[in-house]
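[1] Predicted structure and sequence below. I'll ask about it afterward.
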Amino acid sequence: MSEKNTFDRSLRILVDGVEIAQGCRLRLTAGTTLSLRPPLHRLEIADLSESSAALLAGGRRLEVIRGIAVLASGEITEAYTRPESGRRLTTVIFSPGLSLWRSAVSFSIPAGMRISEVMRRLLEASGTGVPLAAFAAEDHSLSRPQAFFGRTCDALALLAETADADAFCGSAGVCVSGRKARDAAYSLSDRDLLSAPVTVGNRMILSAEPAGWMPGGFAEINWQGVSRTGRIISCLTQADNRNGPWKTEIELEMM
């Protein structure tokens, strides 16, 4: 199964919406978890043109796209080029939600507001421009006035916990994922997996092709006639557009 659908490894690299690195060798390593702590993604580009390198050096946001799926995106934190085996190798470190992680708020709200609305107002007050992209949890009203002073992410995490949920930063903004079982957003069968699932306690590790998997979503797994459902806790993507690793390891919390 590991050879399935690996003939098309096309990746697109966008810097502030402008495509670069067409025809270059690309290697992506990107991990995401159910947390607002920003992960550091790494992209290596071989023989990037001078004009694209200049665009990258002055860029703010980078996206790695396969088809219509965003495999990784985030704010550029570092970009440097070095010689290696007679070639120029450019390394880019980028991270989703980094400006949000560094931001702080001083903010109060009256009683009766819904959790999702409080989160939206907190994000507006942070000045980062990061929106609330999704809220899939119990959106009840807060019975008491609330005051927030300090890190924005601490306040968001506290509100998510109040809703029995987890918050994380996706490609479109902050997402809130409830912990209670709900309809599966993904369905995988034997033919979708690159190897047999590995189960440890109440966790299952799957290996599938890179396809923009997101933490927080529920996935139904059908393997050798047995069906189970779990919540995606973390994903680790390795995507080489030539002949290196091409997979996403998905960690599920089983229901």
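    Structure's in. What do you need? Numbers count the residues shown, from 1 in each chain.
[2] alpha carbons only for contacts and neighbour counts from here, please
    Will do.
[3] Can you show me the strands along the stretch 51-200 of the chain?
    Assigned by DSSP state E, counting those that start in this stretch, the strands in the stretch 51-200 of the chain fall at 61-66, 69-84, 87-95, 104-109, 132-136, 146-151, 165-170, 173-178, 186-189, 198-200.
[4] can you put those strands in TSV and add distance to Q238, mean neighbour count and mean pLDDT?
    Putting these into TSV (distance: least, C-alpha to C-alpha, whole Å; neighbours: other C-alpha atoms under 10 Å; pLDDT from 0 to 100) gives the following:
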stretch	distance to Q238	mean neighbour count	mean pLDDT
strand 61-66	12	21	97
strand 69-84	10	18	94
strand 87-95	15	19	95
strand 104-109	33	16	92
strand 132-136	25	18	96
strand 146-151	32	14	93
strand 165-170	18	25	95
strand 173-178	23	23	96
strand 186-189	19	14	93
strand 198-200	18	10	94
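[5] Dump those strands into TSV; add distance to T29 as well.
    Formatted as TSV, those follow (distance: least, C-alpha to C-alpha, whole Å):
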stretch	distance to T29
strand 61-66	11
strand 69-84	9
strand 87-95	10
strand 104-109	29
strand 132-136	24
strand 146-151	28
strand 165-170	16
strand 173-178	20
strand 186-189	22
strand 198-200	21
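[6] So for G230, which of those sits nearest?
    Nearest to G230, of all the strands of the stretch 51-200 of the chain, is strand 186-189, at 10.0 Å by C-alpha to C-alpha.
[7] now for stretch 88-105, what's the gap between its first and last residues?
    Start-to-end span of stretch 88-105 (C-alpha to C-alpha, to the nearest Å) is 43 Å.
[8] ok now that stretch, how far from the chain's centre?
    13 Å (C-alpha atoms, centre = their mean, to the nearest Å).
[9] For the residue of the chain most remote from its centre, grab phi and psi.
    Distance from the C-alpha centroid of the chain peaks at G86, with 33.7 Å (C-alpha atoms, centre = their mean). Per-residue torsions, G86: phi 80, psi 10 (degrees, to the nearest 10).
[10] confidence score at it?
    G86 is assigned a predicted lDDT (pLDDT) of 85.
[11] follow-up on the earlier one: I'd like to know which of the strands of the stretch 51-200 of the chain is closest to G225.
    The nearest among the strands of the stretch 51-200 of the chain, by C-alpha to C-alpha, is strand 186-189 at 9.1 Å.
[12] Since that was my last question, I'll sign off now.
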